[in-house]
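Peer 1: kindly return the folded structure for what I paste below:
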Amino acid sequence: MNKFDKIKLFCRKFRIAIGIILILVGFYTGIAWFYLGVLPLLAGLTNFCPLCIISKKCTI
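Peer 2: Residues are numbered from 1 along each chain as shown. All right, here's what the predicted structure looks like:
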């Protein structure tokens, strides 16, 4: 496992957590910015890593 694979594993969990947090904050405050949390949540759930596309060194 190279360093990019380790980053990819961490990044996926991080994106899911950030997405959930943004959605919960949006529901709690009533501000429509919670839609912003959908993007990292979907990226994390679909295992889409922008860093891997840019670096072209991660394995899919």
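Peer 1: quick check: chain neighbours aside, which residue is closest to K13?
Peer 2: Leaving aside its sequence neighbours, K13 sits nearest to G44 (Cβ to Cβ, 6 or more residues apart in numbering; 7.3 Å). In this view, the C-beta of every residue, glycine as well, is placed from N, C-alpha and C.
Peer 1: give me the number of residues near that neighbour?
Peer 2: G44 is flanked by 20 other residues according to other Cβ atoms under 10 Å.
Peer 1: so which strand or helix has it?
Peer 2: Element membership of G44 [criterion: DSSP states H and E] is helix 38-45.
Peer 1: I20 is in contact with G37, isn't it?
Peer 2: Yes. Look at I20 against G37 with Cβ atoms under 8 Å: they come within range, at 7.0 Å.
Peer 1: quick one, what contacts L22?
Peer 2: W33, F34, L36, G37, P40 (Cβ atoms under 8 Å, 6 or more residues apart in numbering).
Peer 1: and the nearest residue to G37 once chain neighbours are set aside, its phi and psi?
Peer 2: Spatially, and ignoring its direct neighbours in sequence, G37 is nearest to L22 (2.8 Å; Cβ to Cβ, 6+ apart). The phi and psi values for L22, taken as degrees, to the nearest 10, are phi -60, psi -40.
Peer 1: if we can go back for a sec, surely the residue nearest to K13 and G19 touch.
Peer 2: Yes. Contact criterion Cβ under 8 Å: G44 and G19 qualify, at 6.2 Å.
Peer 1: helices along the protein, start to end?
Peer 2: With helices called from DSSP state H, the chain shows them at 3-29, 38-45, 50-55.
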